[in-house]
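1. what would the 3D arrangement of this be:
(one chain, ligands or ions: 1)
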Amino acid sequence: MDSKQLLLPTSMPPSLVLADVEDDGHTLPKSGGVRRLSLGMFQVAYGPPLRRFSLKSFRESLRELRRSAPCATRLLLEIYLTARTAVTVHVLAAMLLVISPAYSLYLSATILGVVEETVLSRKMTDLDVSMLQGLVLIWLFVAVMSTLATRIMADTALILKGYLRAHFLPELVDTSLRLDLPALQSQKAIRSLPGDYGFEWEVPGFTFFDEIVTRLRNFLTVVGEVGVLALIICRRGLHEAQLLAFFSLMLPAIMLLKPSSGVGGAGWVFWATNRNFYYLAALHKIAFSHDFRPTLARDGLCAYISQEYKRISAELGYLNVETISLQSSIQVRWYWDLLHAIIADYPLALCALILPWADPLSTLVSMVLVQHASTTLKESIRMLRGDRGPDTLLEVLGWAERLYEAVALESELNRGTAEYPRPWSSTKGMNITFRNVSFRHREGAPLAVSDVDFEIPAGSLAVVVGANGSGKSSLLSLLPGLREPSAGEILIDDKPLAEYDLDSLRGAMACLSQDEEMYPVTLRQNMLMGRGRDIEADAEILRAAAHMGRATDLIERLPLKYDTILDPAAVAAQSMQGCGIGHVSDAAMRELEAHGPSFLPTPVSGGEKQRLAATRMFSRLLQRKDRVRLIVCDEATGAVDSCAERDILRNMKELGAGQTTRIFVTHRFGDLVKEADIILVMKEGRLVQRGTHTELMQEALQSGGCREYADMYHAQADRIL
Ligand SMILES: Nc1ncnc2c1ncn2[C@@H]1O[C@H](COP(=O)(O)OP(=O)(O)OP(=O)(O)O)[C@@H](O)[C@H]1O
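-> So this is what the prediction gives:
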């Protein structure tokens, strides 16, 4: 049968390579390849399952094991060293739970043995009664200890999560903030770094640890049960028991009456009273989200966010912040757990207490024991195997590798060391030269900028124009070093951009782009982030910046003014999603509104958002007015009304006049293009025209001259008329 190759997107992880697929859509497994499956509108790609008992898969597993073992051992050791007591208590509690099922089997066998002898000899001796009472007392003790161990495990898990979060996350935040955009967007980073949404439940290392402990516990449970069964078989000679009718009524009664959770399914909400909790959630979002990275990098705030995260993380301490797990910490009263353990988990213990006064029926003994043993063992083996097959332990070990892979991530862009400005740099602004620069957003994509060559002299006012998708934004994104050209060279004050220290260079730039996102912290923090506190100067900067960004009235109208958080990190909302059964009651919601912090976004229009972003840019500009040598504004006022746009652009132009080079991208051919010292006209990634407005218009008049600029100019004039 013919087969054809399916090409997977280039963004697929390297492990997902080409697969052979039959024409009818059924897959042909091929070692090392993937299978693909059509599910409605979705395509699923998945690795072929390992054949369980082949020599080849065994050898592959061994190879995998040898590869992942060092990382796994290292992580286990690191987790232990991070929280020795919590780890020790957690593991001991888990081991205590191993005893219970094996002992219950042993007790069954012993009780049934006594029953059998009693039936045969027609009497029960005082010794038998004392022995039974002793064994049952031991069982009661085991039941109490097991209940306690379960609780201890839940508590130590929460403590451990707090420690692991505080231990690993600041380092991962630091790694993430050191990455440039391409490295942050790489598959490796996406696979190994935490997502920006998972602040409360993201605990690096915990799932790994938990899986290892659970697997060890399940393994030892099975070993214990098999051992006891072997003992029972050796001591074979059992017969029957009775009185199960009583427990067959008690068991469903207990299970039905026991509440499913501490709030009986009425629904609940959570909020934190600790301000640091929300601030840390916001910092987490800023650090890991791709949306904020361009602005953050351009503003030179990566190191600040990393330091701030460490500071707040230390202030928050080893607190558990996992709101989702809080639901399970609302537990039912302890006696329900104990009743459940005694009656539901092992009914024969109480049955034995009644035996001296009962008339045991003989024939059921063996059946009861076999039934009990098989149920227990079946359950233990099911848990030991897990739902995902026997290769899962290798997957678990692989998680350790992934964590260390995240910590070791490096930026992909070259980093120079030269400080900006250079001794020969002009005080009038940055001199920018593009030499045959080409750029594509990712490998295999078409060129977004193609062989572009121009110079913008220091102190000039430059305007970039062109149709949508002509490469204007791509061109300008190369300036703060967010991306590297695929070919050619960019010179800043005659020195290659790649040789500059990026933080130093970005410190001399003020950039505003089309899709500027406000950080999920207050407006005040947005504007003043990274600046030492000086209340009077801060107020003056905020006032002036808001005036220049035409946002004074808007901010005054907001309910919390400068303390408004436009789009808070939605911690409270996430915790509510996990309510499970039941619904969040009105009363609980009112409690949240009365006592919890506001987690709802403050809606603003697109134009208002752009005014706030411009205000933030002006604030940054005012804070380092003496250092800034380049202002870039990439169509950042497209949604702002005409009057405000005119004012904002004029402020930008005037604020930097005489000491900065200014580059504006625009689709509006107003005063800006007429004042420009140089206009760059982009088309399909190429620079097709350059010159002043007058020169470009004249060029169009001359027969044979390029008319790109003039056509755009006239098209807009026609539209306005
Ligand atoms: N992040 C990205 N990943 C891949 N391709 C991109 C990305 N951003 C832009 N492109 C592509 O690069 C080309 C140039 O886009 P660019 O945003 O630079 O154009 P533009 O001239 O700024 O457009 P507009 O006037 O609409 O802002 C387009 O074909 C676009 O699809």
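2. all contacts plus neighbour counts: C-alpha atoms, from now on.
-> Fine.
3. for the stretch 351-500 of the chain, what spans make up the helices?
-> 365-385, 392-407, 472-477 (DSSP state H, counting those that start in this stretch).
4. try the stretch 1-150 of the chain
-> Using DSSP H, counting those that start in this stretch, helices in the stretch 1-150 of the chain cover 55-82, 84-121, 126-178.
5. for the ligand, find the nearest of those.
-> Proximity to the ligand, assessed across the helices of the stretch 1-150 of the chain by C-alpha to the nearest ligand atom, is greatest for helix 126-178 (18.8 Å).
6. picking that back up, any idea which of the helices of the stretch 1-150 of the chain is most buried?
-> Greatest average neighbour count among the helices of the stretch 1-150 of the chain goes to helix 84-121 (a mean of 20), per mean count of other C-alpha atoms under 10 Å.
7. quick one: that helix to chain centroid distance?
-> 42 Å (C-alpha atoms, centre = their mean, to the nearest Å).
8. which strands or helices does that helix pack on?
-> helix 55-82, helix 126-178, helix 206-234, helix 347-354, helix 365-385 (3 or more C-alpha pairs under 8 Å, 6 or more residues apart in numbering; DSSP states H and E).
9. quick one, domains of the protein?
-> Here the chain is described, according to automatic domain parsing, as comprising the domains 5-51+265-328, 66-258+333-407, 416-508+627-721, 522-566+601-615.
10. mind putting those domains into TSV with mean pLDDT?
-> What follows is the domains of the chain, written out as TSV (pLDDT from 0 to 100):
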stretch	mean pLDDT
domain 5-51+265-328	61
domain 66-258+333-407	77
domain 416-508+627-721	85
domain 522-566+601-615	86
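11. which stretch among these comes nearest the ligand?
-> domain 416-508+627-721 (3.3 Å).
12. is there proximity between that closest one and the ligand?
-> Yes: using C-alpha under 6 Å from any ligand atom, domain 416-508+627-721 reaches the ligand at 441, 448, 467, 468, 469, 470, 471, 472, 473, 474.
13. so which of these is the most crowded?
-> The residue in the residues of domain 416-508+627-721 next to the ligand with the most neighbours, by other C-alpha atoms under 10 Å, is residue 472 (28 neighbours).
14. ok, back up a step: of the domains of the chain, which is nearest residue 621?
-> domain 416-508+627-721 (7.1 Å; C-alpha to C-alpha).
15. roughly how far is the closest one from the heart of the chain?
-> So, by C-alpha atoms, centre = their mean, the centroid of domain 416-508+627-721 is 36 Å from its chain's centroid.
16. quick one: residues in contact with the helix or strand containing residue 673.
-> Using DSSP states H and E, residue 673 falls within helix 671-675. Contacts of helix 671-675 with the rest of the structure, by C-alpha atoms under 8 Å, 6 or more residues apart in numbering, involve 461, 463, 679, 692, 693, 694.
17. now the residues you listed: which count as buried?
-> 461, 463, 679, 692, 693 (16 or more other C-alpha atoms under 10 Å).
18. name whatever forms a beta bridge with the first one.
-> Counting by DSSP bridges, residue 461 forms beta bridges with residue 662.
19. contact residues of this structure facing the ligand?
-> 441, 448, 467, 468, 469, 470, 471, 472, 473, 474.
20. quick one, helices of the stretch 551-700 of the chain?
-> Along the stretch 551-700 of the chain, counting by DSSP H, counting those that start in this stretch, helices occupy 552-557, 571-577, 586-595, 606-623, 642-655, 671-675, 693-701.
21. now do the buried residues in the first one.
-> Put plainly, it is helix 552-557. 552, 555.
22. which helices and strands does it pack with?
-> By 3+ C-alpha pairs under 8 Å, 6+ apart, helix 552-557 packs against no helix or strand.
23. then that helix to PDB, C-alphas only?
-> C-alpha atoms of helix 552-557 as PDB (Å, rounded to 0.1, in the frame of the first residue of the first chain):
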ATOM      1  CA  THR A 552      -4.900  63.400  32.800                       C
ATOM      2  CA  ASP A 553      -8.700  63.400  32.600                       C
ATOM      3  CA  LEU A 554      -8.900  59.700  31.900                       C
ATOM      4  CA  ILE A 555      -6.800  58.800  35.000                       C
ATOM      5  CA  GLU A 556      -8.900  61.200  37.200                       C
ATOM      6  CA  ARG A 557     -12.000  59.300  36.100                       C
END
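24. how about residues contacting it?
-> Under C-alpha under 8 Å, 6+ apart, the answer for helix 552-557 is 543, 546, 561, 562, 608.
25. who wins on neighbours among these?
-> residue 546 (25 neighbours).
26. hmm, it is touching residue 615, no?
-> Yes: using C-alpha atoms under 8 Å, residue 546 makes contact with residue 615 at a distance of 5.2 Å.
27. coming back round to it: out of the residues of domain 416-508+627-721 next to the ligand, which two sit at the greatest distance?
-> 441 and 467 (18.5 Å).
28. need the CA coordinates for stretch 491-498. PDB is fine.
-> C-alpha atoms of stretch 491-498 as PDB (Å, rounded to 0.1, in the frame of the first residue of the first chain):
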ATOM      1  CA  LEU A 491      25.500  50.300  13.000                       C
ATOM      2  CA  ILE A 492      24.700  52.600  15.800                       C
ATOM      3  CA  ASP A 493      27.100  55.600  15.800                       C
ATOM      4  CA  ASP A 494      29.300  53.700  13.400                       C
ATOM      5  CA  LYS A 495      29.700  50.700  15.700                       C
ATOM      6  CA  PRO A 496      27.900  47.300  15.000                       C
ATOM      7  CA  LEU A 497      24.800  47.000  17.200                       C
ATOM      8  CA  ALA A 498      25.800  43.500  18.100                       C
END
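29. how about that stretch: buried residues?
-> Quick answer for stretch 491-498 (16+ other C-alpha under 10 Å): 491, 492, 493, 495, 496, 497, 498.
30. point out the ones among the residues you listed that are inside strands.
-> Residues of the buried residues of stretch 491-498 located in strands (DSSP state E): 491, 492, 495, 496.
31. wait, the first one sits on residue 497?
-> Read that as residue 491. Yes: judged on C-alpha under 8 Å, residue 491 makes contact with residue 497 at a distance of 5.4 Å.
32. okay, the helices of the stretch 551-700 of the chain in CSV with distance to residue 109 next?
-> Formatted as CSV, the helices of the stretch 551-700 of the chain follow (distance: least, C-alpha to C-alpha, whole Å):
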stretch, distance to residue 109
helix 552-557, 77
helix 571-577, 47
helix 586-595, 51
helix 606-623, 74
helix 642-655, 86
helix 671-675, 93
helix 693-701, 99
